[in-house]
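In: Dropping the sequence and predicted coords here.
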Amino acid sequence: LLTRRPDVAVVDVRMPPTQSDEGLRAALAARRELPGLPVLILSQHVEQLYARELLADGAGGIGYFLKESVFDADQFIDALERVAGGGTAMDPAVIAKLLSNGSSNRRLERLTEREHSVLALMAEGLSNQAIGQRLFLSESAISKYTTSMFGKLGITDDDNSN
């Protein structure tokens, strides 16, 4: 029984005793015990099944980064703060892998180069305003790109989720 709730858990996928997937399984178990517990996963590669399971509860407070992508301290701290605050921070390579099944991959091929850029920055957890600043576009232009992307990807507009 936990007497304190952590602000955020930073978990490596590979942990003792077998150095396989104990970290992910521990993160899933912790979120079952404490729904919405913020967890930032670090991994050498994407474990699709577990990553999908972590994201499936919709409670937020999830991050998943490949270790090779976390060289910039500011980027890591930003991701950590977003996850601790209940947001999502995903490595673009993780998003690409999660969307790489057949039908999703065909849908991704429909996106323009600019839409791919917007999607990659969304996957990093940036707001429309921050994406616009990064790409030198207005916030309304980003909104139009996201509407177009969602249509191409078959994502329905829902005011209850982001």
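Out: Yep, it's here.

In: and residue 68, how far is that from residue 94?
Out: Using C-beta to C-beta, to the nearest Å, residue 68 is found at 12 Å from residue 94. Bear in mind the C-beta positions are built from the backbone N, C-alpha and C, glycine included.

In: Looking at these two, which one has more neighbours?
Out: Taking other C-beta atoms under 10 Å, residue 68 and residue 94 do not tie; residue 94 has more neighbours (24 against 11).

In: Which residues outside whichever strand or helix holds that one are in contact with it?
Out: If you go by DSSP states H and E, residue 94 is part of helix 92-98. Outside helix 92-98, the residues within contact range by C-beta atoms under 8 Å, 6 or more residues apart in numbering are 46, 48, 51-52, 55, 64-66, 69, 108, 119-120, 123-124.

In: repeat that with 10 Å
Out: Contacts to helix 92-98, defined as C-beta atoms under 10 Å, 6 or more residues apart in numbering, come from residues 41, 43, 45-48, 51-52, 55, 63-66, 68-69, 90-91, 104-105, 108, 116, 119-124.

In: Kindly report the same for stretch 65-77.
Out: Contacts to stretch 65-77, defined as C-beta under 10 Å, 6+ apart, come from residues 10, 12-13, 40-46, 63, 78-80, 83, 89-94, 97, 124.

In: Just the ones of the residues you listed in strands?
Out: The strands, defined by DSSP state E, take in 10, 12, 40, 41, 42, 43, 63, 89, 90 from those.

In: May I see the PyMOL selection of the buried members of the residues you listed?
Out: The buried subset of the ones in strands among the contacts of stretch 65-77, as determined by 16 or more other C-beta atoms under 10 Å, is captured in PyMOL by this line:
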select buried, resi 10+12+40+41+42+43+63+89+90
